[in-house]
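Asker: structure of the sequence below:
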Amino acid sequence: MQTDVIVVGAGPAGSTAARGIAERGGEVLLLDRAKFPRDKPCGGGVTIRCASLLPFSLDPVVEDVITGARMKIRGHREVTRQATAPITYMTQRRRLDAFLVEQAQAAGVEFRDGQGVTDITRLGDGTFEVKTKGETHHARVIIGADGANGVAGNRLGYEAAGESAVALEGNYPYPEGVPAEFRNRVVLHFGDYPGGYGWIFPKGDHVNIGVGGWKSAMGPRLRELLQTMCQTYGFDVTDLQNLRGHHLPMQRRGMVMAAAGSAVVGDAAGLVDPLSGEGIYGALRSGVLVAPFVEDYLAGHTKTLAGYQLAVQRDLMPEVETSVALMEIFHAWPDPFVWLLQHFGPFWGGACAAIRGETTYVDLTYRLGSPGRALLGPVARAGRFVSSRRVARG
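Answerer: Residues are numbered from 1 along each chain as shown. Predicted coordinates:
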């Protein structure tokens, strides 16, 4: 098949990029190796900030609306906080991803699932040859959206994102509906997970229970820590269904995300929020950002998609870098920050505002004043040292 653009990977980043390019007049083929609908390891939370990037409602796939949180650090008393407005939608990736693909198809994208890409070659004229099992396609542009270790990024020569964090999660079924104690709230448990946290997210007929954190410290202990999380909240870990682990790709400084007629988006570009471990915002935002640069490239206005990288560095990287610093500080000294979330209204309100997209991590740090913002880097480095010593001691 001959087309303008091939997008490899039909997760939120790929389907959003494909839809945006098609809406600008591009002919797009969207490929995914899995048969849809398919599930992915993910907590399934879509923040209000994420949803605001889409020109349509997610109501058809929303299973719960989060308006509060139950927060606990180690064995201390749990505190529940309520937000003044919704902060996150809960869905399942099998439903969300299929829905986003449907929106892409409605914009004119051709979608082929069960089409795993086996090889990509850049030809002498600057176009690309894409091989799947049994088919060969040609395109002027390739977008890699098949994850941190995907075929597209590898064949195109992009550096894989770092895998500094890991997670393990499963579902506890409630066929008759999730109990009231878990509805409309997330459960967040801190202090026992180096560089991360434990969670319980409510869905329509189950809750998602998981733990995640630094790969170096938590990798060998994921099952033990998940069991601890389950025991803390009264679940039998042996009753969890669809248990699965996954890596969280993180940006490396100086990573290349675009060159000539190709680019990588979402997890393939390492656009996970280091503080929260949430990747859907980076996926959707990068998918939105890449589309106009592909339009210009196809029209002959530019000879490269490098403008997309500049846009990511301008729009996303300040937040990612600030998130890294906040993560280092939070996980070195979690107790005071959790206490502030539990008991200090402006701190809790600021966190909710960031999740809703009403403010940013950068904006929040500037509330500390210029001296506070200047100290962010040195304090983060101190936090990293404290955490590494703690991990080394076991």
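
Asker: can you tell me which helices and strands the longest helix that the chain contains packs against?
Answerer: Scanning the chain for the longest helix, with DSSP state H as the assignment, gives helix 369-393. Other elements packing on helix 369-393 under the criterion 3 or more Cβ pairs under 8 Å, 6 or more residues apart in numbering; DSSP states H and E are helix 317-332, helix 361-366. Just so you know, the C-beta spots here come from the backbone N, C-alpha and C atoms, and that holds for glycine as well.

Asker: just name the most buried of the ones you listed.
Answerer: Stretch with highest mean neighbour count among those: helix 317-332 (a mean of 20; mean count of other Cβ atoms under 10 Å).

Asker: any idea which helix or strand comes after that one?
Answerer: On the C-terminal side of helix 317-332, the closest following helix or strand by DSSP states H and E is helix 334-343.

Asker: so how far is that following helix off the chain centroid?
Answerer: Using Cα atoms, centre = their mean, to the nearest Å, we find the averaged C-alpha position of helix 334-343 to lie 24 Å away from the chain's own average C-alpha position.

Asker: list the buried residues for the helix or strand just after it?
Answerer: Sequence order places helix 345-356 as the next helix or strand after helix 334-343, per DSSP H and E. Counting neighbours by 16 or more other Cβ atoms under 10 Å, one finds that the buried residues in helix 345-356 are Trp348, Gly350, Ala351, Cys352, Ala353, Ala354, Ile355, Arg356.

Asker: now helix 345-356 - C-alpha only, PDB.
Answerer: Included here for helix 345-356 are C-alpha records, laid out as PDB according to Å, rounded to 0.1, in the frame of the first residue of the first chain:
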ATOM      1  CA  GLY A 345      -5.800  22.900  52.000                       C
ATOM      2  CA  PRO A 346      -3.700  25.100  49.600                       C
ATOM      3  CA  PHE A 347      -1.200  22.200  49.100                       C
ATOM      4  CA  TRP A 348      -4.000  19.700  48.300                       C
ATOM      5  CA  GLY A 349      -5.700  22.300  46.100                       C
ATOM      6  CA  GLY A 350      -2.500  23.000  44.200                       C
ATOM      7  CA  ALA A 351      -2.100  19.200  43.500                       C
ATOM      8  CA  CYS A 352      -5.700  19.000  42.200                       C
ATOM      9  CA  ALA A 353      -5.200  22.100  40.100                       C
ATOM     10  CA  ALA A 354      -2.200  20.600  38.400                       C
ATOM     11  CA  ILE A 355      -4.000  17.300  37.700                       C
ATOM     12  CA  ARG A 356      -6.900  19.300  36.200                       C
END
